[in-house]
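Enquirer: Show me how the following folds:
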Amino acid sequence: MKKIHVGFLLSYDYDKLKKSIPPVYKEADAIFIAMDHKSRTWSGETFEVDPAFFEWLEAFDVDKKIQLYKDDFYDANLIAIENDNRERHMLSLKMGIGNWLVQIDSDEYFVDFANYVKDLRRFDSYLDNPEKKNIQIAAYLINLYKYTDNGVLFIKEPTRGIIATNYPNYKVARNTRKRIVYTQNILLHESIARDEAELVLKLDNWGHNIEVQDKDAFLEKWRTTNKSNYKERENFFYIEPEKWKHLEFCEGNTIEEIRKNINLEGIMPSKFFIAKKNFGQYFKHLFK
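Expert: You can find the predicted model right below:
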């Protein structure tokens, strides 16, 4: 008990796990990978996994920390986001309540997982009787928008990412809507920075598939935005466009290159901002 258990979901973009697992491998006590036993997405579409991926997984797992968890994660009576919630809950139960339940999406890459683990450990007491003192530990996501011109366009303002909880009573994806503790940790989120065929597949099959109001208009803007014109445009989010107001550019064609080149000090929320957010969260949930 009180271990760092990390969970991933294996779906159509499974190959990205080759980039998201390595940054957390050393600090994780165990890693669980959830995969539908019939290889179905939350929308019921099927996908195939190249056997070479499992060969990579076995070769990479030198400390034998990784478990592949297959189960029936698709319910035809539920919409995609409900299947999302359901799979995450089932995965967390498999990971074991009483441990830190860290869920990372396949396209999210921690910059410094060891530091995040240190932040988790400050709250180990919340792993005792977690149902009655539900807490969530958040980080910040740098959302990558599009690879272009030997670099990547990314959203200027980072967004909150709820990464871990002590009790998986999920309401929307990883969010239990209980108290959040904000931390100064960053993940690079490849989000919609993928080729067009992969992007369309994601838009049709992820938990937010019915929330994208005008997919054609969104895709046209994504196709035509590049290093030359991104400063002249704004409002890039796929659901409520104004939530992603402005883009920035970073050189680098790989996650490793981007990690080295991006100015994290200019992006990371300040300690004062984090303290203010946590002060508000503490009192908001004090009597709930």
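Enquirer: Name the residues that touch the lowest-mean-pLDDT helix or strand in the chain?
Expert: Lowest by mean pLDDT, DSSP states H and E among the helices and strands of the chain is helix 196-205, with a mean of 86. Residues from elsewhere that reach helix 196-205 (CB atoms under 8 Å, 6 or more residues apart in numbering): 11-13, 41-43, 45, 80, 192, 194, 209, 212, 215, 219, 222-223, 238. Every C-beta, even on glycine, is put in place using the N, C-alpha and C of the backbone.
Enquirer: check contacts around Ile21.
Expert: Ile21 makes contact with 8, 31, 60, 66, according to CB under 8 Å, 6+ apart.
Enquirer: neighbours of Thr224, just the number please.
Expert: Using other CB atoms under 10 Å, Thr224 has 9 other residues around it.
Enquirer: follow-up on the earlier one: show me what counts as buried in the least confident helix or strand of the chain.
Expert: By neighbour count with 16 or more other CB atoms under 10 Å, helix 196-205 contains the buried residues 198-199, 201-203, 205.
Enquirer: follow-up on the earlier one: helices - which of the contacts of helix 196-205 land there?
Expert: 80, 215, 219, 222-223 (DSSP state H).
Enquirer: Just the buried subset of those, written out for PyMOL, thanks.
Expert: Selecting only the buried entries of the ones in helices among the contacts of helix 196-205 in PyMOL, with 16+ other CB under 10 Å as the criterion:
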select buried, resi 80+219+222
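Enquirer: follow-up on the earlier one: using CSV, list the CA coordinates for the least confident helix or strand of the chain.
Expert: Extracted in CSV, the C-alpha atoms of helix 196-205 (Å, rounded to 0.1, in the frame of the first residue of the first chain):
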residue,chain,number,x,y,z
GLU,A,196,-4.3,14.4,-40.1
ALA,A,197,-5.5,10.7,-40.4
GLU,A,198,-4.5,10.2,-36.7
LEU,A,199,-6.2,13.4,-35.7
VAL,A,200,-9.5,12.5,-37.4
LEU,A,201,-9.4,9.1,-35.8
LYS,A,202,-8.9,10.7,-32.4
LEU,A,203,-11.8,13.2,-32.9
ASP,A,204,-14.1,10.3,-33.8
ASN,A,205,-13.2,8.0,-31.0
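Enquirer: circling back: may I ask which two of the ones in helices among the contacts of helix 196-205 are separated the most?
Expert: Ala80 and Arg223 (24.3 Å; CB to CB).
Enquirer: What are the contacting residues of stretch 152-161?
Expert: Contacts of stretch 152-161 (CB under 8 Å, 6+ apart): 108, 138-147, 180, 182, 186-187, 189, 193, 225-227, 230, 236, 243-250, 252-253, 258, 262, 267-269.
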